[in-house]
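Q: Give me the fold of what follows.
(2 chains)
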Amino acid sequence: MDLSSINPILLLASLMVAATPLLLAAVGELVVEKAGVLNLGVEGMMITGAICGFAIAVNTGNPLLGVLAAAAGGAVLSLLFALLTQVALANQVASGLGLTLFGLGLSALIGQGYQGIRPPSFPRLNIPGLSDMPVLGRILFSHDLMVYLGLIIVTAVWFMLKYTRAGLILRAVGENHEAAHALGYKVVRIRMMAILFGGACAGMGGAYISLIRVPQWTEGMTAGIGWIALALVVFASWKPWRVLLGAYLFGGVTVIQLNLQAAGVAIPVEYLAMSPYLITILVLVIMSADKSSAPASLGRIFHASR
Amino acid sequence: MTAPVLSIKGLTKAYPGVVANSDVSFEVMKGEVHALLGENGAGKSTLVKMIYGLVKPDHGTMIFQGKAYAPAEPRAARAAGVAMVFQHFSLFDALNVAENIALGMEHPPRLADLAGRIREVSETYGLPLDPFRTVGDLSAGERQRVEIIRCLLQDPRLLIMDEPTSVLTPQEVEILFQTLRKLTAEGVAILYISHKLEEIRTLCDTATILRLGKKVATCTPADTTARALAEMMVGTVLHTPERSGRALGDVALELSGLSVRSPSAFGCSLKDISLEVRQGEVLGLGGVAGNGQDELLGALSGELRSGPDMVKMHGRAVGMLGPMERRRIGLLCAPEERLGHAAAPDMSLTENAMLTGSLRERLERRGFLDWGRARGFAEAIIQRFDVRTPGPGNAARSLSGGNLQKFVIGREVMQRPEVLVVNQPTWGVDASAAAAIRQALLDLAAGGTAVVVISQDLDELMEIADRFGALNEGRLSRIRPTSELNIEEIGLMMGGAHDMEVAHV
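A: Numbering: from 1, shown residues only, chains lettered A, B, ... in the order given. Sure thing, here's the model as predicted:
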């Protein structure tokens, strides 16, 4: 065992990278659930985004186009869910589970022939001055664009929910859809938009894995991050900053356990591999002990006739 | 008071299988309080929904302030100057007062400015309210203030109020009436829907009466007796429940020091409740909604367990028993919420009859369900309580509120209970059905059953209860015979039961 081989600066830097897919997917799902919709299809939308982004990036040679395609792919898949649950009034749990299974199959189909290819590498941001700072520059300021995009989205979501009218209406729809309807708000339209936003975020989270984190395409490569994102939203009590904290905690423990594995610590690999999941959930469960509750209309089907 | 603010001509709206409104015409004058009266299903709600833009009429026209008026959505209605306070409050529990009000406005100012305006309006109209409190923590009266202030901030010319007093204490009703009079003095017209005829007689200038979707009369309520108004609504002669003299038997139900924590975050825990009900006695429990009524019903039905000795039936400790065991020994309950608590909405009446009646009506045989007998039981309820439905195979959800209420009360009454506990037995039920339900409760008591009626309708409690107590924040006031109480004393008991207790000590 050689713990001195672990470089704390690199560790902190890679923490942000490891957390980004989870962060993107979870913040998207947070918006969806705040609007009162439970979309269990996050995993399916992520993996679909991962392959869409990968295929477009490989074919065009432009990773940024790939990210856009991933967002579009996730959104299109979530549109299916939106139509099923908001227009056809199907059960949200069943539709979401179906969406995950469908997304896993669809991505495997599209991914035929993309295995073993390396995608074009993603430009790493180099901010003159900031990136050259000792220690901090390496940890905070020399990542790819997507890491910062994730942070920007979390901040924007927090600001929108807390300070804007659009956010207030979104929360109102999730809290009591009948009352929102009686006041004249378009419940179904608002929920559709929230679902599409959630799909786009999940798609980008998936693309981050296939284009930057790994970077290559293998079937089922999201490996349950979508499910963790769903749990994260609940344990974070539907609060954006807690989602950020939970995602970084998860990323941090993931990175540490990988380093520990590499350093040959005498703990069975299986325990190390499960540790990020356990620790993240444990911490968030303790934090969610306060009484903040789910949006009151979460998962309930809305029909305007009543 | 000369120009009509709103005139309605020949409004008609049909739903598949039922005509909700047929050729309804009337006028609401500037500065008047105009009552809209009718039984359940008479079409009052549909009519105001058309005025508020939630429902589109099939035929007919409306003129609002001299201009043709056909709102496509509530937003258009609000922009034109029509505001509405809903019967079931359209509020968001998890948001604060200012946020709730902002949601009802077209162009809300910044929250800080809005809070200032809320304080201003609430002081002008005598409706104190803190803009930053979470709505889930407010009392029913305060919640209604939120709705009213939301409407007032839009400076409406016509204010629609759908059963605004059903959840208020008499004192709160008085405050509301003062506010409404202040508004009419400023020229605002008010369209007021209520079941409470005495209220309409004191408050309203004109009344339009609907029956089965048609207008049957327009009158001046102050010149008409409450009985005449009720008979116009129903179309037949009403009979008042009769109390026959009866001898009280032994103590059937006894609560001693009952304390139960509320299972819900916004609920109200019960604190040290003690009472006795004798065979043949009707005990009325009043109180503003949310002061422990649901919890008390839960503690009596067995949904909430307590210490064994806290609830006793015929001297036997039953506090630890669940609902089924309590039913077996004759302690039956009919909760307030019809759909979802008293009845399973998507199940048929036969199935709903099976759900509570299987034990006492022997609808089960060696663990197998006897659907024939269940159907017979449901049919018997339907016949005896005049439940209007095509048959027992219909889903509970398809019945109107009053009819379903007759069914769920009837279902318990027909099981010959030793003790019957009902919560809001006539809530949202029209005059004739309410009279029938009250009569059934009195008949049951005459047969020796101990009846506990939890209700917010004080007239109802005065009419049928022998003794009265009030719940306030989970505590029970002293219980007094109704014959020695008047409505003001009851209001005081409801508003501050424990202040009075302190005074007695």
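
Q: What ranges does the stretch 301-450 of chain B have for its strands?
A: Using DSSP state E, counting those that start in this stretch, the strands of the stretch 301-450 of chain B run over residues B:311-313, B:316-317, B:331-334, B:364-365, B:368-369, B:419-423, B:450-454.

Q: Can you check which of these gets nearest to residue A:240?
A: Taking CB to CB, strand B:419-423 is the member of the strands of the stretch 301-450 of chain B nearest to residue A:240, at 41.1 Å. No exception for glycine: its C-beta is placed from N, CA and C like everyone else's.

Q: If you count contacts, what does the closest one end up packed against?
A: helix B:293-301, strand B:331-334, helix B:401-413, helix B:431-446, strand B:450-454 (3 or more CB pairs under 8 Å, 6 or more residues apart in numbering or on different chains; DSSP states H and E).

Q: What pairs with it, parallel or antiparallel?
A: Strand pairing for strand B:419-423, determined by DSSP bridges: strand B:331-334 (parallel), strand B:450-454 (parallel).

Q: and residue B:355, how far is that from chain A?
A: 23 Å (CB to the nearest CB, to the nearest Å).

Q: hang on, the earlier thing: between the strands of the stretch 301-450 of chain B, which one is closest to residue B:105.
A: Short answer: strand B:419-423, nearest of the strands of the stretch 301-450 of chain B by CB to CB, at 35.8 Å.

Q: got the angle for that closest one vs helix B:431-446?
A: Comparing the axes of strand B:419-423 and helix B:431-446 via axes from the mean of the first three to the mean of the last three CA atoms, to 10 degrees yields an angle of 160 degrees.

Q: which residues of the chain score low on pLDDT?
A: No chain in the question, so chain A it is. By pLDDT under 70, the weakly predicted segments of chain A are A:1-3, A:5, A:290-292, A:305-306.

Q: Please refer instead to chain B.
A: B:1-2, B:17, B:40-41, B:87-89, B:166-167, B:237-246, B:428, B:496-505.

Q: So which bits of it are right by chain A?
A: By CB under 8 Å from any CB of the partner chain, the residues of chain B that approach chain A are B:53-54, B:73-75, B:78, B:86, B:89-95, B:99, B:102-104, B:108, B:265.

Q: JSON lines for the helices and strands packed on strand B:419-423, including mean neighbour count?
A: Compiled in JSON lines, those are given as follows (neighbours: other CB atoms under 10 Å in any protein chain shown):
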{"stretch": "helix B:293-301", "mean neighbour count": "24"}
{"stretch": "strand B:331-334", "mean neighbour count": "25"}
{"stretch": "helix B:401-413", "mean neighbour count": "24"}
{"stretch": "helix B:431-446", "mean neighbour count": "21"}
{"stretch": "strand B:450-454", "mean neighbour count": "26"}
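
Q: between these, which one is nearest to residue B:252?
A: strand B:450-454 (3.7 Å).

Q: Helices of the stretch 1-150 of chain B, start to end?
A: In the stretch 1-150 of chain B, the segments counted as helices under DSSP state H, counting those that start in this stretch are B:44-51, B:74-80, B:97-103, B:111-124, B:140-152.

Q: Which residues in the first one does the neighbour count mark as buried?
A: In this case it means helix B:44-51. In terms of neighbour count (16 or more other CB atoms under 10 Å in any protein chain shown), helix B:44-51 has its buried residues at B:44, B:45, B:46, B:47, B:48, B:49, B:50, B:51.

Q: Longest helix in chain A, by number of residues?
A: Longest helix of chain A, by residue count under DSSP state H: helix A:8-34.

Q: counting contacts, what elements does it pack onto?
A: helix A:42-60, helix A:136-140, helix A:145-163, helix A:165-175, helix A:187-208, helix A:225-235, helix A:240-263.

Q: now the residues of chain B next to chain A: which count as buried?
A: B:53-54, B:74, B:78, B:86, B:89-95, B:99, B:102-104, B:108.

Q: Could you report the neighbour count for residue 250?
A: I went with chain A, as the question did not name one. 27 (other CB atoms under 10 Å in any protein chain shown).

Q: looking at chain B here, not the other one
A: Neighbours around residue B:250, by other CB under 10 Å: 11.

Q: For it, give me its contacts.
A: By CB atoms under 8 Å, 6 or more residues apart in numbering or on different chains, the contact list for residue B:250 reads B:278, B:279, B:314.

Q: Repeat the analysis, applying 6 Å as the threshold.
A: Residues near residue B:250 by CB atoms under 6 Å, 6 or more residues apart in numbering or on different chains: residue B:279.

Q: in the stretch 151-300 of chain B, which spans are helices?
A: Going by DSSP H, counting those that start in this stretch, the stretch 151-300 of chain B shows helices at B:170-185, B:197-203, B:226-234, B:293-301.

Q: Which of the residues in the shortest one are classified as buried?
A: Neighbour-count burial for helix B:197-203, counted by 16+ other CB under 10 Å, picks out B:197, B:199, B:200, B:201, B:203.

Q: Format the helices and strands packed on strand B:419-423 as CSV; extra columns: distance to residue B:470.
A: What follows is the helices and strands packed on strand B:419-423, written out as CSV (distance: least, CB to CB, whole Å):
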stretch, distance to residue B:470
helix B:293-301, 11
strand B:331-334, 20
helix B:401-413, 23
helix B:431-446, 19
strand B:450-454, 11
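
Q: Number of residues surrounding the residue nearest to residue A:219 when sequence neighbours are not counted?
A: Computed as CB to CB, 6 or more residues apart in numbering or on different chains, the closest residue to residue A:219 that is not its neighbour in sequence is residue A:108, at 4.8 Å. Residues within reach of residue A:108, counting by other CB under 10 Å, total 14.

Q: Make sure I have this right: residue A:108 is in a helix.
A: Yes. Assessed with DSSP: H, G, I helix; E, B strand; the rest coil, residue A:108 lies in a helix.

Q: if I look at it, how far off is chain B?
A: Counting by CB to the nearest CB - residue A:108 and chain B are separated by 39 Å.

Q: Verify the stated contact: that residue with residue A:218.
A: No. Counting by CB atoms under 6 Å, residue A:108 stays clear of residue A:218, with 9.9 Å between them.

Q: ranking the helices and strands packed on helix A:8-34 by burial, who's on top?
A: Of the helices and strands packed on helix A:8-34, the one with the most neighbours on average (mean count of other CB atoms under 10 Å in any protein chain shown) is helix A:42-60, at a mean of 29.

Q: ok, and what's touching that helix?
A: Residues outside helix A:42-60 that contact it (CB under 6 Å, 6+ apart) are A:25, A:29, A:63, A:65-67, A:69-70, A:73-74, A:77-78, A:99-100, A:102-104, A:106-107, A:110-111, A:117, A:119-120, A:199, A:202-203, A:205-207, A:209-211, A:217, A:222, A:226-227, A:229-230.
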